[in-house]
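K.L.:
got a sequence here, can you model it:
(chains A, B, C and D)
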Number of protein chains: 2
Amino acid sequence: MNTPISIIVVEDDPIVLHRFMTMFTSNPRFTLVAACSNATTAHSVINASHADVLLTDLGLPDGNGLDLIRQCTEQHPDTHIMVISVFGDEKHVITAIEAGATGYILKDDESMEVEQAIVQLCAGGSPISPAVASHLLKRLRPEADEIKLTKAELEILRFIAKGYTAQEAADLKHISYHTVTSHIKSIYRKLHISTRAEAVHEAVKRHLL
Amino acid sequence: MNTPISIIVVEDDPIVLHRFMTMFTSNPRFTLVAACSNATTAHSVINASHADVLLTDLGLPDGNGLDLIRQCTEQHPDTHIMVISVFGDEKHVITAIEAGATGYILKDDESMEVEQAIVQLCAGGSPISPAVASHLLKRLRPEADEIKLTKAELEILRFIAKGYTAQEAADLKHISYHTVTSHIKSIYRKLHISTRAEAVHEAVKRHLL
DNA sequence: CGGGTAATCCCCTGTTCTGGGGATTAATTG
DNA sequence: CAATTAATCCCCAGAACAGGGGATTACCCG
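P.N.:
Residues are numbered from 1 along each chain as shown, chains lettered A, B, ... in the order given. Predicted coordinates for the structure are as follows:
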């Protein structure tokens, strides 16, 4: 509450940039470390200085906002990164998050207040526009591709994933070696595959493990 | 905009429930289909009727809110499910999302407006409290585990995960069969494992794939 | 009650892995 | 520059796997 939150802003649109500058210079809770309007400048600013928050656009004229995020994540792991963009599509969103952003607000999202979002960001939260968050949820709960393995098959699959041989799994489950291989063959049939590694891969993808 | 959003509310706290009832009966944009104060009633309501939105608590006196979500997801796949809970921990959050919730607001989150969130929910968005969203991000971008596989090893690993044999991978990469098996042996050494299935399993766990 | 399916068991044959051993040639890095 | 590591190549033997066949028992659902 006492020490102000220091911020670096990167935004190519002069009008929006000006809005941010006003926002962060007129409010005593914030300190504006730098305001950049292109990627090149931003790269050197991030290189030379440190801030609590990097607030950045994704579409820069002379480079990619993602690279800024990657650079910042690497050089200043403790800086919170907030994306403010017009892009709400899955590709942009996922890439930005994977690059290290922990906040993502759409420019046309009326429901989010930037100042408040930044405070939440510094408190460890992740302010995300609803339209953006839906992409993340999709990733977490990808459609159950409704191929069902039986209980026995799943158990065998778990043994396989742990590296047990068919014989070892058989011993552990006190069933015949032939039963185990038989289950494995069923798994192959159901998942349209033909190796153990592939089985584990598919099972993970389909959230069966 | 014209047709009101129909809602089923499940909430055991009478005061909060009353607040919701007022909220949805006094606003013409919403229609309150039902308001339940326990899981049992809610189960039969969901069974018998349909709504655009299920707004539910997680901590019910006579059952689990998660089961409500699961039931609703199954019986009414087109109903949007919003969780309003005091629980913001990872376990509750992830389970609820995986069960089918597409919105998750913390009860003490001042920054979210329930009415607005529900509208966004119906528009395909996912209103999520920042503190909750941070758990989701963690899932998507968990820390890179320190064991490093080389580029060549990773490539081979990807082939293995897809079910290719060493010979096939060798042909595709135009290198010797021996090189491929050699890389595989390195992978085994680094990950302390001994089968392909295990390699895929570990690689997924460590987010190398 | 009959059909479907899960779970269990068995055989056979050719292919592929696993896990030892070694070697050479770049790069990288202290 | 010396040491290390990556990336490439090679050999071998025994173990495990893939994929084909068939079989029995038991349970659930309509």
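K.L.:
what about residue A:108, neighbour count?
P.N.:
Look at residue A:108: counted by other Cβ atoms under 10 Å in any protein chain shown, it has 9 neighbours. In short, each C-beta sits where N, CA and C put it, glycine included.
K.L.:
pLDDT of the helix or strand residue A:91 falls within, averaged?
P.N.:
Assessed by DSSP states H and E, residue A:91 sits inside helix A:90-99. If you average the pLDDT over helix A:90-99, you get 84.
K.L.:
ok, and does it reach over to chain B?
P.N.:
Yes: judged by Cβ under 8 Å from any Cβ of the partner chain, helix A:90-99 and chain B are in contact via A:94, A:97, A:98.
K.L.:
ok, then the element right after the longest helix anywhere in chain A?
P.N.:
Ordering each helix of chain A by length in residues (DSSP state H) puts helix A:177-191 first. Next helix or strand after helix A:177-191 toward the C-terminus (DSSP H and E): helix A:196-205.
K.L.:
which other helices and strands contact that next one?
P.N.:
For helix A:196-205, the packing partners by 3 or more Cβ pairs under 8 Å, 6 or more residues apart in numbering or on different chains; DSSP states H and E come out as helix A:151-161, helix A:177-191, helix B:151-161, helix B:196-205.
K.L.:
out of those helices, deepest packed?
P.N.:
Highest mean neighbour count among the helices and strands packed on helix A:196-205 (mean count of other Cβ atoms under 10 Å in any protein chain shown): helix B:196-205, with a mean of 24.
K.L.:
so is that helix next to DNA strand C?
P.N.:
Yes: under the criterion of Cβ under 7 Å from any atom of the strand, DNA strand C is reached by helix B:196-205 at residue B:196.
K.L.:
and stretch A:56-75, by the same measure?
P.N.:
No: remark: stretch A:56-75 sits outside contact range of DNA strand C, by Cβ under 7 Å from any atom of the strand, the gap being at least 15.0 Å.
K.L.:
buried residues, that stretch. List them.
P.N.:
A:56, A:57, A:58, A:60, A:65, A:66, A:68, A:69, A:70, A:71, A:72, A:73 (16 or more other Cβ atoms under 10 Å in any protein chain shown).
K.L.:
part of a helix, is residue A:82?
P.N.:
No: going by DSSP: H, G, I helix; E, B strand; the rest coil, the assignment for residue A:82 is strand, not a helix.
K.L.:
so what does the residue lying closest to it once chain neighbours are set aside have for phi and psi?
P.N.:
Of all residues not flanking residue A:82 in the chain, residue A:103 sits nearest, at 3.7 Å (Cβ to Cβ, 6 or more residues apart in numbering or on different chains). Backbone geometry at residue A:103, expressed as degrees, to the nearest 10, gives phi -140, psi 150.
K.L.:
you'd agree residue A:103 is up against residue A:114?
P.N.:
No: look at residue A:103 against residue A:114 with Cβ atoms under 8 Å: they stay out of range, at 9.8 Å.
K.L.:
could you list the buried residues of the helix holding residue A:91?
P.N.:
A:92, A:93, A:94, A:95, A:96, A:97, A:99.
K.L.:
and the fourth one, what is it in contact with?
P.N.:
Contacts for residue A:95 were tallied using Cβ atoms under 8 Å, 6 or more residues apart in numbering or on different chains; they are residue A:66.
K.L.:
circling back: of the buried residues of stretch A:56-75, which belong to helices?
P.N.:
A:65, A:66, A:68, A:69, A:70, A:71, A:72, A:73.
K.L.:
so what's the fifth one scoring on pLDDT?
P.N.:
If you check residue A:70, the pLDDT there is 86.
K.L.:
and the gap between the closest residue to it other than its chain neighbours and residue A:45?
P.N.:
Computed as Cβ to Cβ, 6+ apart, the closest residue to residue A:70 that is not its neighbour in sequence is residue A:99, at 4.9 Å. Residue A:99 sits 18 Å away from residue A:45, going by Cβ to Cβ, to the nearest Å.
K.L.:
now for chain A, the helix or strand with the poorest mean pLDDT.
P.N.:
Least confident helix or strand, chain A: strand A:63-64 with a mean of 81, by mean pLDDT, DSSP states H and E.
K.L.:
other residues contacting that one?
P.N.:
Here strand A:63-64 has contacts from A:38, A:39, A:40, A:43, A:58, using Cβ under 8 Å, 6+ apart.
K.L.:
tell me who's in contact with the closest residue in space to residue A:29 that isn't next to it in sequence.
P.N.:
Sequence neighbours aside, residue A:4 is the residue nearest to residue A:29 in space, at 5.6 Å (criterion: Cβ to Cβ, 6+ apart). Residues counted as contacts of residue A:4 (Cβ under 8 Å, 6+ apart) are A:28, A:29, A:30, A:31.
K.L.:
much appreciated, bye for now.
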